[in-house]
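Trainee: The following block contains a protein sequence and its predicted model.
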Amino acid sequence: ENQRLLVTHPDMATLLPSFMTSRVLVMQQQSLALLLQLTQTENGRNQVIKHLDLIRLCEALLSFLDFSDKKANTAIGLLTDLALEERFQVWFQANLPGVLPALTGVLKREPKLTNLSALCQCIALMGNISAEPTARRHMIACEEFGDACLDLLVKCEEEMDVFREVAYTLLGLIMNLCLEGPFLSQMWAVDMSRKCLSLLNSQDGGILTRAAGVLSRTLCSSLAIMEEALAAGVVKKMIKFLQMGGQTASRYAIKTLAICTNSCHPAREEVMRLDKKFKILISLLDSEDEILVGNAALCLGNCMEVPSAASSLLKTDIVQVLLKLAGSDSQRTGVQLNAGIALGKLCTAEPRFAARLRELHGLEILNSTMKYMNDS
C-alpha cells in the first residue's frame, strides 16, 4: 500500500526520473535503489508502468551507462526486466518514436568509455524490440539510428578482441532491421554490406555467422554491391560455410548464393567451379530444413544456365530428386516451385534429362503440382 501511495503521488511521475538524472550522486543512487525496490514485485512493476512518465524513466535508466561500475548493470537490468512485462511492451510499441532518440544515443556512445556488459544488455533489449515489425520500421526509418548502428560496428571492428560481445549483439539487432528490405536506404544497405564483407575475414564463428546473416538480407539491394561481394570472394566463403554444415550459417550461406546466382552469371560460374558436380547443393536437397531445400533448388536452377552445368549431372539421379521435391506436400510452396523451375531448366539445357522426365511421367506430376499450387 505504501508503494502504491508513493508511485501514485501526482508529482512522482516526473520526480523519480528527474532525481535519477540529478547531478548529485547520492540522489541518483538512492533514486535507483528506490526504483529497484518498487519493481521487485509484479504489483510494484505494474504501478510503475501505470503511473510514472515512462519516456523520462527510460531516458533516466539509460543515462546510467555513464557509470563504469555495477550501477550501469543494475539500471539496464531493471529496464530489461520492465521490458518483459506485457503492459510495458504495449506502451513501448506505441511510444517508440519518443524513446528512439535515447536509444540512438546509446549506440552513439564511445564503447571504450562505457560499461560493456551493460551496453550489450541494452543493445540486446533493442534487438528484442526490433523483433516486432512495426518497431523495426520505426527504427529503420530513423536515419540517425541506422547510421549509429553502422558507426558502432565500425568502432567494434577496429578492436574486435575487446568489443566482440558488443559486435555480436549489435549484428543481431542489425539482422532484424534488415528484415525490412523495402524500407532500407540503399546507401545504408551498401555500407552495411561492405562492413559485413570485411567481417567475413574474422576467425570468430559467431561474428562470421551473423555477418553472413546480414549479407543474406542486404546484398539484393544493389547489383553493384553484389558484384563487389563476388570480387571479395563471397561465393567461396559461403561454399565453405555449407561445407562446415552448421544449420544457421548454412541457411544464410545458401540464401546468399541464391541471391547472387539469381542476378549474376559470374556467381553461377563460380558456384559450378567450386562445387564440383554440385555435390554440396544436391546434398542440401535432402535436408529436412525446407528453407535450405528451397534455396538450394533455386541456386541449382540458376546454375543450369551455365553451359555444360546440366551435362555434368548426367550420371546422377537429379531428375528423381527434383521431381520428388516438386511433387511433395511441402509446407513451403517455394520448395515445390523452385524444384519445378530447376527441373525445367535442367531439361531445357540437356535433352537427355527431358527424356528421363518423360519416362518417370514427370510432366504429369509437374502439371498436377502447378495446378494444386495455383488453386491453393
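Mentor: Perfect, thanks for sending it. Numbering: from 1, shown residues only.

Trainee: now the end-to-end length of stretch 271-284.
Mentor: Length of stretch 271-284, first residue to last, Cα to Cα, to the nearest Å: 14 Å.

Trainee: now it, how far from the centre of its chain.
Mentor: 26 Å (Cα atoms, centre = their mean, to the nearest Å).

Trainee: mind checking which helix or strand of the protein has the lowest mean pLDDT?
Mentor: None of the helices or strands of the chain scores lower by mean pLDDT, DSSP states H and E than helix 2-8, at a mean of 56.

Trainee: State the next helix or strand along the chain beyond it.
Mentor: helix 12-20 (DSSP states H and E).

Trainee: Show the secondary-structure elements that that following helix is packed against.
Mentor: Helix 12-20 is packed against helix 25-38, helix 54-63, with contacts defined by 3 or more Cβ pairs under 8 Å, 6 or more residues apart in numbering; DSSP states H and E. Placement of C-beta: from N, CA and C, glycine included.

Trainee: now those as a markdown table including distance to S202, mean pLDDT and mean neighbour count?
Mentor: Below are the helices and strands packed on helix 12-20 laid out as a markdown table (distance: least, Cβ to Cβ, whole Å; pLDDT from 0 to 100; neighbours: other Cβ atoms under 10 Å):
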| stretch | distance to S202 | mean pLDDT | mean neighbour count |
| --- | --- | --- | --- |
| helix 25-38 | 37 | 90 | 16 |
| helix 54-63 | 29 | 95 | 21 |
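
Trainee: Using TSV, lay out these together with distance to T14.
Mentor: Output for these, formatted as TSV (distance: least, Cβ to Cβ, whole Å):
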stretch	distance to T14
helix 25-38	12
helix 54-63	6
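
Trainee: quick one, which of those is nearest to A326?
Mentor: Nearest to A326, of all the helices and strands packed on helix 12-20, is helix 54-63, at 51.6 Å by Cβ to Cβ.

Trainee: Following element in sequence after that closest one, please.
Mentor: Per DSSP H and E, the helix or strand that comes after helix 54-63 is helix 70-83.

Trainee: what is the orientation angle of that following helix with helix 54-63?
Mentor: Angle, helix 70-83 to helix 54-63, by axes from the mean of the first three to the mean of the last three Cα atoms, to 10 degrees: 150 degrees.

Trainee: contacts for helix 70-83?
Mentor: Here helix 70-83 makes contact (Cβ atoms under 8 Å, 6 or more residues apart in numbering) with 28-29, 32, 35-36, 39, 45, 48-49, 58, 61-62, 64-66, 88-89, 92, 114-115, 117-118, 121-122, 124-125, 128-129.

Trainee: Extract the C-alpha set from it and format it as PDB.
Mentor: Written as PDB, here are the backbone C-alpha positions of helix 70-83 (Å, rounded to 0.1, in the frame of the first residue of the first chain):
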ATOM      1  CA  LYS A  70      27.600  -2.000 -11.300                       C
ATOM      2  CA  LYS A  71      25.100   0.900 -11.200                       C
ATOM      3  CA  ALA A  72      25.100   0.700 -15.100                       C
ATOM      4  CA  ASN A  73      24.300  -3.000 -15.000                       C
ATOM      5  CA  THR A  74      21.600  -2.500 -12.300                       C
ATOM      6  CA  ALA A  75      19.800   0.200 -14.300                       C
ATOM      7  CA  ILE A  76      19.900  -1.600 -17.600                       C
ATOM      8  CA  GLY A  77      18.900  -4.800 -15.900                       C
ATOM      9  CA  LEU A  78      15.900  -3.000 -14.400                       C
ATOM     10  CA  LEU A  79      14.900  -1.700 -17.800                       C
ATOM     11  CA  THR A  80      15.200  -5.100 -19.300                       C
ATOM     12  CA  ASP A  81      13.000  -6.600 -16.600                       C
ATOM     13  CA  LEU A  82      10.400  -3.900 -17.100                       C
ATOM     14  CA  ALA A  83      10.500  -4.700 -20.900                       C
END
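
Trainee: Can you point out the buried residues in it?
Mentor: 71-79, 82 (16 or more other Cβ atoms under 10 Å).

Trainee: Would you mind giving the secondary structure of V306?
Mentor: coil (DSSP: H, G, I helix; E, B strand; the rest coil).

Trainee: Count the neighbours of it for me.
Mentor: V306: 18 surrounding residues under other Cβ atoms under 10 Å.

Trainee: Also E86?
Mentor: E86, neighbours per other Cβ under 10 Å, totals 8.

Trainee: same thing with Q243?
Mentor: 12.

Trainee: can I see the domain layout of the protein?
Mentor: The chain is divided into the following domains under automatic domain parsing: 204-306, 316-376.

Trainee: distance of the residue nearest the centre of the chain from L215?
Mentor: Residue closest to the average C-alpha location in the chain (Cα atoms, centre = their mean): M175, at 2.4 Å. Computed with Cβ to Cβ, to the nearest Å, the distance linking M175 and L215 is 10 Å.

Trainee: Hmm, I254 and C260 touching each other?
Mentor: No. With contact defined as Cβ atoms under 8 Å, C260 does not reach I254; the gap is 10.7 Å.

Trainee: Mind pulling up the pLDDT for L15?
Mentor: If you check L15, the pLDDT there is 78.

Trainee: circling back: rebuild the domains of the chain as TSV, extending it with mean pLDDT.
Mentor: Listed next are those as TSV, based on pLDDT from 0 to 100:
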stretch	mean pLDDT
domain 204-306	95
domain 316-376	82
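
Trainee: Can you tell me which of these is packed in deepest?
Mentor: domain 204-306 (a mean of 20; mean count of other Cβ atoms under 10 Å).

Trainee: Which parts of the stretch 251-376 of the chain are helices?
Mentor: Secondary structure of the stretch 251-376 of the chain (DSSP state H, counting those that start in this stretch): helices located at 265-274, 279-284, 290-303, 318-326, 333-349, 351-359, 362-375.

Trainee: Among those helices, which comes closest to A310?
Mentor: Here helix 333-349 is closest among the helices of the stretch 251-376 of the chain (Cβ to Cβ), at 3.7 Å.
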